[in-house]
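1. I'd like to go over a predicted model; first the sequence, then the structure.
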Amino acid sequence: MIYSVHGKLIAKEPSMAVVECGGVGYGCRTTFTTLGQLGAIGETVFLYTVLSVREDAAELFGFATQQELQCFQLLTSVSGVGPKAALTILSDLTPDRFLLTVASGDSKTLTRSKGIGAKSAQRIVMELKDKIAGESIGLLAGAEVQSAAAASSAGGNVGEAIEALVTLGYTQGEVAPIVAKLDPSLSASELIRRTLQEFGKKRS
(Lines give C-alpha, C1' and ligand atoms only; values in the text may rest on other atoms or scores of the structure.)
Protein backbone atom coordinates (compact mmCIF):
# COMPACT_ATOMS: atom_id res chain seq x y z
CA MET A 1 0.00 0.00 0.00
CA ILE A 2 1.30 3.45 -0.94
CA TYR A 3 -0.14 5.83 1.68
CA SER A 4 1.41 9.04 0.34
CA VAL A 5 4.06 10.59 -1.89
CA HIS A 6 6.33 13.47 -0.87
CA GLY A 7 8.75 14.94 -3.35
CA LYS A 8 9.35 17.32 -6.22
CA LEU A 9 6.51 18.14 -8.60
CA ILE A 10 7.94 17.46 -12.06
CA ALA A 11 4.80 17.65 -14.21
CA LYS A 12 1.18 18.78 -14.12
CA GLU A 13 -1.32 17.61 -16.70
CA PRO A 14 -5.12 17.69 -16.83
CA SER A 15 -6.20 15.26 -14.08
CA MET A 16 -2.63 14.18 -13.26
CA ALA A 17 0.34 15.28 -11.17
CA VAL A 18 3.77 13.62 -11.38
CA VAL A 19 5.80 13.62 -8.16
CA GLU A 20 9.44 12.51 -8.08
CA CYS A 21 10.37 10.54 -4.96
CA GLY A 22 13.80 8.96 -4.65
CA GLY A 23 14.45 9.27 -8.36
CA VAL A 24 11.11 7.68 -9.34
CA GLY A 25 8.30 9.73 -10.86
CA TYR A 26 4.89 8.74 -9.55
CA GLY A 27 2.01 9.70 -11.83
CA CYS A 28 -1.00 10.43 -9.61
CA ARG A 29 -4.40 10.84 -11.18
CA THR A 30 -6.18 13.57 -9.32
CA THR A 31 -8.86 16.27 -9.27
CA PHE A 32 -8.84 19.84 -10.49
CA THR A 33 -9.23 20.85 -6.84
CA THR A 34 -5.95 19.20 -5.86
CA LEU A 35 -4.15 20.41 -8.99
CA GLY A 36 -5.14 23.96 -8.07
CA GLN A 37 -3.63 23.56 -4.61
CA LEU A 38 -0.28 22.24 -5.80
CA GLY A 39 2.58 24.66 -6.29
CA ALA A 40 4.66 25.30 -9.37
CA ILE A 41 6.77 22.73 -11.18
CA GLY A 42 9.93 22.08 -9.16
CA GLU A 43 8.36 22.72 -5.78
CA THR A 44 8.07 20.08 -3.04
CA VAL A 45 4.56 18.67 -2.68
CA PHE A 46 2.72 16.07 -0.60
CA LEU A 47 -0.22 13.93 -1.71
CA TYR A 48 -2.28 11.31 0.09
CA THR A 49 -2.66 8.37 -2.26
CA VAL A 50 -4.83 5.38 -3.12
CA LEU A 51 -3.50 2.54 -5.28
CA SER A 52 -6.16 0.96 -7.49
CA VAL A 53 -5.23 -2.44 -8.94
CA ARG A 54 -7.30 -4.04 -11.68
CA GLU A 55 -6.67 -6.93 -14.02
CA ASP A 56 -5.51 -4.63 -16.80
CA ALA A 57 -3.96 -1.71 -14.89
CA ALA A 58 -2.58 -0.34 -11.64
CA GLU A 59 -3.26 3.36 -11.06
CA LEU A 60 -2.24 5.74 -8.29
CA PHE A 61 -4.65 8.48 -7.22
CA GLY A 62 -3.45 11.50 -5.25
CA PHE A 63 -5.19 14.09 -3.10
CA ALA A 64 -4.08 17.26 -1.35
CA THR A 65 -6.20 16.65 1.76
CA GLN A 66 -7.42 13.71 3.79
CA GLN A 67 -10.96 14.99 3.38
CA GLU A 68 -10.78 14.74 -0.41
CA LEU A 69 -9.19 11.30 -0.12
CA GLN A 70 -12.02 10.18 2.14
CA CYS A 71 -14.64 11.53 -0.28
CA PHE A 72 -12.97 9.61 -3.12
CA GLN A 73 -13.06 6.40 -1.07
CA LEU A 74 -16.70 6.97 -0.21
CA LEU A 75 -17.62 7.49 -3.85
CA THR A 76 -15.76 4.42 -5.09
CA SER A 77 -17.50 2.32 -2.42
CA VAL A 78 -20.80 2.97 -4.22
CA SER A 79 -21.91 0.25 -6.61
CA GLY A 80 -21.21 1.28 -10.21
CA VAL A 81 -19.05 4.31 -9.35
CA GLY A 82 -15.45 3.91 -10.46
CA PRO A 83 -12.36 6.05 -9.85
CA LYS A 84 -12.88 8.09 -13.04
CA ALA A 85 -16.44 9.07 -12.06
CA ALA A 86 -15.29 9.87 -8.51
CA LEU A 87 -12.57 12.20 -9.83
CA THR A 88 -15.07 13.90 -12.13
CA ILE A 89 -17.44 14.65 -9.24
CA LEU A 90 -14.66 15.87 -6.95
CA SER A 91 -13.29 18.06 -9.72
CA ASP A 92 -16.67 19.80 -9.91
CA LEU A 93 -17.34 19.89 -6.16
CA THR A 94 -14.97 20.64 -3.29
CA PRO A 95 -15.03 18.01 -0.51
CA ASP A 96 -17.17 20.25 1.72
CA ARG A 97 -19.62 20.92 -1.10
CA PHE A 98 -19.78 17.24 -2.03
CA LEU A 99 -20.49 16.17 1.55
CA LEU A 100 -23.15 18.85 1.91
CA THR A 101 -24.74 17.85 -1.40
CA VAL A 102 -25.06 14.21 -0.37
CA ALA A 103 -26.06 14.95 3.24
CA SER A 104 -28.91 17.14 2.04
CA GLY A 105 -30.11 14.54 -0.48
CA ASP A 106 -29.38 16.81 -3.46
CA SER A 107 -28.85 14.24 -6.23
CA LYS A 108 -29.64 16.84 -8.89
CA THR A 109 -26.35 18.68 -8.28
CA LEU A 110 -24.39 15.46 -8.83
CA THR A 111 -25.91 15.04 -12.30
CA ARG A 112 -24.12 18.23 -13.40
CA SER A 113 -20.87 16.26 -13.46
CA LYS A 114 -20.11 14.72 -16.86
CA GLY A 115 -21.18 11.10 -17.14
CA ILE A 116 -23.23 11.05 -13.92
CA GLY A 117 -26.83 10.22 -14.71
CA ALA A 118 -29.88 10.58 -12.50
CA LYS A 119 -29.86 6.93 -11.39
CA SER A 120 -26.17 7.02 -10.46
CA ALA A 121 -26.63 10.29 -8.56
CA GLN A 122 -29.58 8.88 -6.63
CA ARG A 123 -27.61 5.73 -5.81
CA ILE A 124 -24.71 7.83 -4.47
CA VAL A 125 -27.04 9.80 -2.21
CA MET A 126 -28.89 6.69 -1.05
CA GLU A 127 -25.74 4.71 -0.20
CA LEU A 128 -23.69 7.52 1.32
CA LYS A 129 -26.15 9.79 3.12
CA ASP A 130 -26.21 7.80 6.35
CA LYS A 131 -22.44 7.31 6.29
CA ILE A 132 -21.81 11.03 5.91
CA ALA A 133 -24.20 11.84 8.73
CA GLY A 134 -22.32 9.39 10.96
CA GLU A 135 -19.84 10.51 13.58
CA SER A 136 -16.56 9.61 11.83
CA ILE A 137 -17.43 11.41 8.61
CA GLY A 138 -19.23 14.19 10.45
CA LEU A 139 -16.05 15.18 12.26
CA LEU A 140 -14.41 15.91 8.92
CA ALA A 141 -17.53 17.34 7.35
CA GLY A 142 -18.40 19.82 10.08
CA ALA A 143 -21.61 20.82 11.79
CA GLU A 144 -23.16 22.33 8.64
CA VAL A 145 -23.20 18.97 6.86
CA GLN A 146 -24.63 17.15 9.87
CA SER A 147 -27.33 19.79 10.27
CA ALA A 148 -28.22 19.56 6.59
CA ALA A 149 -28.48 15.78 6.85
CA ALA A 150 -30.79 16.07 9.83
CA ALA A 151 -32.94 18.72 8.14
CA SER A 152 -33.28 16.87 4.84
CA SER A 153 -34.40 13.67 6.57
CA ALA A 154 -36.77 15.45 8.95
CA GLY A 155 -40.50 15.17 8.59
CA GLY A 156 -43.19 17.58 9.66
CA ASN A 157 -42.89 21.27 8.96
CA VAL A 158 -39.16 21.14 8.22
CA GLY A 159 -39.55 18.44 5.58
CA GLU A 160 -42.57 20.19 4.12
CA ALA A 161 -40.70 23.50 3.88
CA ILE A 162 -37.70 21.92 2.14
CA GLU A 163 -39.96 20.09 -0.31
CA ALA A 164 -41.79 23.33 -1.14
CA LEU A 165 -38.56 25.24 -1.66
CA VAL A 166 -37.25 22.54 -3.99
CA THR A 167 -40.50 22.84 -5.96
CA LEU A 168 -39.74 26.55 -6.31
CA GLY A 169 -36.48 25.68 -8.07
CA TYR A 170 -33.94 25.61 -5.26
CA THR A 171 -31.83 22.53 -4.55
CA GLN A 172 -31.85 20.66 -1.27
CA GLY A 173 -28.16 21.47 -0.94
CA GLU A 174 -29.02 25.18 -0.98
CA VAL A 175 -31.99 25.20 1.37
CA ALA A 176 -31.33 22.42 3.90
CA PRO A 177 -28.42 24.20 5.68
CA ILE A 178 -30.55 27.36 6.08
CA VAL A 179 -33.67 25.54 7.26
CA ALA A 180 -31.53 23.53 9.70
CA LYS A 181 -30.61 26.74 11.53
CA LEU A 182 -34.24 27.80 12.04
CA ASP A 183 -36.60 26.85 14.86
CA PRO A 184 -38.22 23.53 13.83
CA SER A 185 -41.37 24.45 15.77
CA LEU A 186 -42.15 27.21 13.23
CA SER A 187 -44.84 26.57 10.64
CA ALA A 188 -43.81 25.40 7.19
CA SER A 189 -44.85 28.72 5.65
CA GLU A 190 -42.76 30.65 8.20
CA LEU A 191 -39.75 28.42 7.56
CA ILE A 192 -40.13 29.06 3.84
CA ARG A 193 -40.47 32.82 4.37
CA ARG A 194 -37.36 33.05 6.53
CA THR A 195 -35.33 30.88 4.18
CA LEU A 196 -36.25 33.09 1.24
CA GLN A 197 -35.24 36.12 3.31
CA GLU A 198 -31.80 34.57 3.84
CA PHE A 199 -31.42 34.05 0.09
CA GLY A 200 -32.39 37.69 -0.41
CA LYS A 201 -29.68 38.83 1.99
CA LYS A 202 -27.04 36.79 0.16
CA ARG A 203 -27.96 38.34 -3.18
CA SER A 204 -28.11 41.93 -1.93
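-> Looks like it arrived, so ask away.

2. helices of the chain, start to end?
-> Along the chain, the stretches classed as helices by DSSP state H are 32-37, 66-76, 83-92, 95-103, 107-110, 118-133, 135-141, 143-153, 156-167, 172-180, 188-203.

3. nearest to V53, out of the ones you listed?
-> V53 lies closest, by C-beta to C-beta, to one member of the helices of the chain: helix 83-92, at 11.3 Å. (Glycine included, C-beta is placed from N, CA and C.)

4. helices and strands around that closest one, which ones?
-> Using 3 or more C-beta pairs under 8 Å, 6 or more residues apart in numbering; DSSP states H and E as the contact criterion, the secondary-structure elements in contact with helix 83-92 are helix 32-37, strand 58-63, helix 66-76.

5. any idea of the angle that helix forms with helix 95-103?
-> Orientation note: helix 83-92 sits at an angle of 110 degrees relative to helix 95-103 (axes from the mean of the first three to the mean of the last three C-alpha atoms, to 10 degrees).

6. now helix 83-92: mean pLDDT?
-> Throughout helix 83-92, pLDDT has a mean value of 94.

7. mind listing what's buried in it?
-> By 16 or more other C-beta atoms under 10 Å, the buried positions in helix 83-92 come out as P83, A85, A86, L87, T88, I89, L90, S91, D92.

8. can you list those residues in CSV and add distance to V18?
-> Shown next, in CSV, are the buried residues of helix 83-92 (distance: C-beta to C-beta, whole Å):
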residue, distance to V18
P83, 18
A85, 23
A86, 20
L87, 16
T88, 20
I89, 23
L90, 19
S91, 18
D92, 23
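
9. show me how far stretch 101-113 is from its chain's centre.
-> Remark: stretch 101-113 is offset 9 Å from the chain centroid, using C-alpha atoms, centre = their mean, to the nearest Å.

10. check stretch 184-199 too.
-> Averaged over its C-alpha atoms, stretch 184-199 has a centre that lies 27 Å from its chain's centre (C-alpha atoms, centre = their mean).

11. neighbouring contacts of that stretch?
-> For stretch 184-199, contacts defined as C-beta atoms under 8 Å, 6 or more residues apart in numbering pick out 154, 156-158, 160-161, 164-165, 170, 174-175, 178-179, 182.

12. and of those residues, the nearest to V50?
-> Nearest to V50 among the contacts of stretch 184-199, with distances taken as C-beta to C-beta, is E174, at 30.8 Å.
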